[in-house]
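Asker: Just a sequence and a predicted model for now, questions to come.
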Amino acid sequence: IFIERFRRERRALGALRHPHVVDVYDADIEGDRAWLVMELLDGETLASRLTRGRLAPDEALEVCAQTASALASMHEAGMIHRDVKPANLFLCRSETAAPVRVKVLDFGFVRLRDETTLTASGQVVGTPEYMAPEQIQGLRCTAASDLYALGVVLFEMLTGGLPFRGSLTELFMLHAQASAPRPSVVAPAVPAACDALVAKLLAKDPSLRPRDARRVRPEIDALRDALASK
C-alpha cells in the first residue's frame with residue numbers, strides 16, 4: 001500500500017504546478033525504497049503554529065484563501081486531496097511584512113479522476129478530526145469533502161480548538177450528526193461574520209457546501225475585505 005500511495009502522490013504532483021502546492025523535482029522507486037526530491041521549505045506547519053494559540057481572523061482567512069486556491073487547482077484537475085489538515089499545510093517563513101505563503105503537502109491519499117481507489121468499498125481513509133460525513137461513511141469523496149476539512153481547519157485557526165473531540169467512534173458520530181458550534185461562541189473575539197462561512201463549509205450535506213474550492217474563494221475574499229474595512 002505504501003508504494004501504491006507513493007506512486008499516486010508522484011503522479012498527482014507531477015500533473016500539478018501551483019504556487020501554493022509543494023514542488024517536487026524528482027521521484028523514483030528502487031526496490032522497496034521510494035524517494036522524492038522536493039523544494040526546501042523554511043517555516044513550520046500550521047499544526048506547529050497552532051500549538052502557540054489561535055490565529056488572528058485576518059491571518060486565518062489568508063491561510064484559508066491560499067489553501068482554497070491550491071485546492072481549486074487540484075479540483076479543476078480532477079483531484080481530491082482527502083487529507084486537508086494543519087499538518088499538511090506549511091507556512092513559509094517571510095522576512096518581509098508580506099502575508100504568509102502557504103504550501104499544501106502530502107498527496108498520498110489523493111484521489112485522481114477515473115482512477116481506481118486503493119481502498120475497498122466502504123473503507124475509510126483520512127484523519128478523523130477533519131473528515132467529512134460522507135468520507136467517514138466510506139462514500140465517494142468529492143471536492144466538497146475537501147471543503148469540509150478546510151472548514152474544520154478554519155474553525156481551528158479561529159478558535160484554537162477543534163469543533164469536535166472524542167474517541168474515534170465519537171468523532172465519527174459527531175461529524176456525521178452533530179452541528180459544529182459557532183466560532184464566535186467558542187472564542188468571543190472572533191467576528192460573528194466568520195460564523196456563516198464556517199457553517200457553510202461544515203454543512204453535513206455535501207450539496208449544501210460550495211461545489212469546489214473555486215466557488216468558495218470569492219466568499220473568503222469578500223469576508224476578508226469586509227473585516228478589513230471595519
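Answerer: Arrived safely, thanks for sending.

Asker: Return the residues in contact with the spatially most central residue of the chain.
Answerer: Centroid-nearest residue in the chain: residue 84, 2.8 Å away (criterion: C-alpha atoms, centre = their mean). Residues in contact with residue 84 (C-beta atoms under 8 Å, 6 or more residues apart in numbering) are 67, 71, 104, 130, 146, 149-150, 153. Yep, even glycine has a C-beta here, placed from its N, CA and C like the rest.

Asker: what does residue 191 give?
Answerer: Contacts of residue 191 by C-beta under 8 Å, 6+ apart are 57, 184, 227.

Asker: who's in contact with the longest helix along the chain?
Answerer: Using DSSP state H to define each element, the chain has its longest helix at helix 57-76. By C-beta under 8 Å, 6+ apart, the list of residues contacting helix 57-76 from outside reads 16, 18, 20-21, 46, 54-55, 80-81, 84, 89, 91, 99-102, 104, 110, 143, 146-147, 150, 153-154, 157-158, 190-191, 194, 212-214, 216-217, 220-221, 223-224, 227-228.

Asker: Using neighbour counts, trim these to the buried set.
Answerer: 16, 18, 20-21, 46, 54-55, 80-81, 84, 89, 91, 100-102, 104, 110, 143, 146-147, 150, 153-154, 157-158, 190, 194, 212-214, 216-217, 220, 223-224 (16 or more other C-beta atoms under 10 Å).

Asker: How about residue 91: which residues does it bridge to?
Answerer: Beta-bridge pairing for residue 91 (DSSP bridges): residue 44, residue 102.

Asker: That one reaches residue 43, doesn't it?
Answerer: Yes. Residue 91 lies in contact with residue 43 (C-beta atoms under 8 Å); the separation is 4.9 Å.

Asker: ok, now how distant is the nearest residue to residue 85 once chain neighbours are set aside from residue 163?
Answerer: Setting aside the residues directly before and after it, residue 85 is nearest to residue 130 in space (C-beta to C-beta, 6 or more residues apart in numbering), at 4.6 Å. Distance, residue 130 to residue 163, using C-beta to C-beta, to the nearest Å: 10 Å.
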